[in-house]
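**Student:** task: produce atomic coordinates for the following.
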Amino acid sequence: MIIKKFGHKLLVYFEKGVNMFPKETAYIIANFGGPRNLTEIRPFLETLLTDPDVIRTKWPKFMQEWLFKKIAKRRAKKIQKDYKKIGGKSPIFQDTENLAYALSEKLDKKVLTFHRYLPTTHQNFIDEVNQLKVDEIKIFPMFPQFSYATTGSIARFFSKHFEEQTLRKMRWIKSYPGSSHFINSYQKKIEGLFLEKDLKQDETMLLFSAHGVPEEFITSGDIYESECQISFQRIMQKFPYVLGKLSFQSKFGKGEWIKPYTEKVCHSIDDLSQGRKNIIIVPLSFTSDHIETLYEIEYEYVPILRNKGYQVYRCPALNLDPNWISSIYELLKSDDLLTNPMLIRKPLKEKN
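**Tutor:** You can find the predicted model right below:
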């Protein structure tokens with residue numbers, strides 16, 4: 001009788017499409033990381049500049065690491081003053097931790113954080129992941145537009161530091177450049193600034209500034225630039241009377257990067273603004289404020305425009321905005337997931 005009744009219930013459940021054995025899931029929020037104090041600037045830069053997905057050369061590994069550790073040492077001294085101007089640290093670490101806590105409350109699940117370029121946090125993270133007793137690990141990158149230099153770098157790190165059994169559990173939300181959740185979050189952020197500063201659409205220009213990458217990355221198969229274009233176009237749909245421009249910042253080293261460069265756009269703004277005197281700079285690819293927004297935009301680009309007579313406002317990144325937290329929660333429900341190996345850049349084969 002019990003067996004028959006139990007069997008009947010199983011049949012009913014399957015007909016309704018209910019999963020009798022749901023997966024136990026843990027979550028990882030993966031972010032760039034940033035120095036938590038002035039002494040962490042150098043190891044942060046060393047880890048960043050010796051990442052072969054960020055700095056790509058044909059040199060042997062030992063040579064590349066030796067050279068860029070020397071560059072990181074010099075650069076760390078140079079940019080200490082920049083970090084001092086924004087409080088002596090990057091807020092990205094604590095913001096990511098707070099974001100994970102808020103999401104764990106909403107999900108009622110374990111939410112871990114990974115900070116790619118904070119090496120002192122890595123072993124604890126690896127230990128935490130290895131201790132998880134779950135069927136699935138869902139990973140959310142804080143990079144809306146995919147690049148092998150960001151999300152791909154983290155996937156490669158995981159492939160080097162976790163056993164195959166753990167890697168098989170990992171499922172990635174690759175990117176979300178046109179997702180209504182991400183787009184709405186930035187649209188609301190911009191709308192709020194319009195209201196706060198009492199700005200009119202037909203008197204305002206939106207200058208979107210995304211982090212740049214070398215042109216070589218794009219020509220070798222990176223989709224980052226096209227995904228930035230998607231985000232830019234979708235956000236602009238909310239503002240039909242605003243003039244919009246997409247640009248790219250944070251160029252490092254020699255060689256051409258994707259254009260136009262934000263700095264050059266600022267210098268030539270009179271040719272682009274069509275007489276509008278209000279400019280909002282939107283950090284398109286940044287979901288968290290850090291040195292590129294709090295210093296580079298605020299102290300390098302904003303003064304150029306103000307010196308030309310414009311009213312300039314920096315739109316904050318999404319940070320801990322409640323709309324953004326809710327958006328991530330919704331994005332985490334996605335079933336459009338990729339495995340870890342699918343995100344790792346493969347070397348191009350030499351032509352015969």
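**Student:** so what's the residue count around Pro316?
**Tutor:** 17 (other C-beta atoms under 10 Å). Where you see a C-beta, it was placed from the backbone N, CA and C, and this is true even at glycine.
**Student:** I'd assumed Lys189 was in contact with it.
**Tutor:** Yes - here Pro316 reaches Lys189: they are 7.0 Å apart, a contact under C-beta atoms under 8 Å.
**Student:** which elements pack onto the longest helix along the chain?
**Tutor:** What stands out as the longest helix in the chain, according to DSSP state H, is helix 61-85. If you count contacts as 3 or more C-beta pairs under 8 Å, 6 or more residues apart in numbering; DSSP states H and E, helix 61-85 packs onto helix 41-49, helix 291.
**Student:** gap between the first one and the chain center?
**Tutor:** When you say that, I think you mean helix 41-49. Its chain's average C-alpha position is 18 Å from that of helix 41-49, according to C-alpha atoms, centre = their mean, to the nearest Å.
**Student:** and the angle from that helix to helix 61-85?
**Tutor:** Relative orientation of helix 41-49 versus helix 61-85 (axes from the mean of the first three to the mean of the last three C-alpha atoms, to 10 degrees): 130 degrees.
**Student:** for burial, what's the neighbour tally of the residue lying closest to Leu343 once chain neighbours are set aside?
**Tutor:** In space, and not counting its chain neighbours, Leu343 is closest to Ala155: 3.8 Å by C-beta to C-beta, 6 or more residues apart in numbering. Ala155: 26 surrounding residues under other C-beta under 10 Å.
**Student:** list the contacts for Ala155?
**Tutor:** By C-beta atoms under 8 Å, 6 or more residues apart in numbering, Ala155 lies in contact with 172, 340-341, 343-344.
**Student:** element containing it?
**Tutor:** For Ala155, the host element (DSSP states H and E) is helix 151-161.
**Student:** buried ones in that helix?
**Tutor:** 151-158 (16 or more other C-beta atoms under 10 Å).
**Student:** show me how the chain divides into domains.
**Tutor:** Using automatic domain parsing, the domain parsing of the chain gives 25-176+325-343, 180-314.
**Student:** can you get me the start-to-end distance on the longest one?
**Tutor:** In other words, domain 25-176+325-343. By C-alpha to C-alpha, to the nearest Å, the extent of domain 25-176+325-343 from end to end equals 21 Å.
**Student:** and the closest residue to Leu67 other than its chain neighbours, how many neighbours?
**Tutor:** Counting by C-beta to C-beta, 6+ apart, the nearest residue to Leu67 once its immediate chain neighbours are dropped is Trp59, at 7.7 Å. By other C-beta under 10 Å, the residues close to Trp59 number 13.
**Student:** how about low-confidence regions in this protein?
**Tutor:** 1-22, 347-352 (pLDDT under 70).
**Student:** for it, just list every one of the helices.
**Tutor:** 2-16, 41-49, 61-85, 92-107, 122-130, 151-161, 164-167, 180-196, 215-219, 224-236, 262-267, 291, 302-307, 322-331.
**Student:** pull out the CA atoms of the fourth one and give them to me as CSV.
**Tutor:** As requested, the backbone C-alpha atoms of helix 92-107 are provided in CSV (Å, rounded to 0.1, in the frame of the first residue of the first chain):
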residue,chain,number,x,y,z
ILE,A,92,36.1,47.1,-3.9
PHE,A,93,37.1,44.4,-1.4
GLN,A,94,34.6,45.4,1.4
ASP,A,95,31.9,46.2,-1.1
THR,A,96,32.2,42.8,-2.6
GLU,A,97,32.1,41.2,0.9
ASN,A,98,29.0,43.2,1.8
LEU,A,99,27.4,42.3,-1.5
ALA,A,100,28.0,38.6,-0.8
TYR,A,101,26.5,38.9,2.6
ALA,A,102,23.4,40.6,1.3
LEU,A,103,22.9,37.9,-1.4
SER,A,104,23.4,35.1,1.1
GLU,A,105,20.6,36.6,3.1
LYS,A,106,18.3,36.7,0.1
LEU,A,107,19.3,33.2,-1.2
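**Student:** rewinding a little: mind putting the helices of the chain in TSV, distance to Ile29 included?
**Tutor:** Listed next are the helices of the chain as TSV, based on distance: least, C-beta to C-beta, whole Å:
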stretch	distance to Ile29
helix 2-16	33
helix 41-49	18
helix 61-85	23
helix 92-107	5
helix 122-130	11
helix 151-161	11
helix 164-167	17
helix 180-196	15
helix 215-219	24
helix 224-236	20
helix 262-267	27
helix 291	20
helix 302-307	29
helix 322-331	8
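**Student:** Met142 is nearest to which of the ones you listed?
**Tutor:** helix 92-107 (7.1 Å; C-beta to C-beta).
**Student:** how big is the angle separating the closest one from helix 322-331?
**Tutor:** For helix 92-107 against helix 322-331, the angle by the same axes, to 10 degrees is 60 degrees.
**Student:** and helix 92-107, how far out from the chain middle?
**Tutor:** 15 Å.
**Student:** in that helix, what counts as buried?
**Tutor:** Here helix 92-107 shows 92-93, 95-96, 99-100, 102-104, 107 as buried, counting by 16+ other C-beta under 10 Å.
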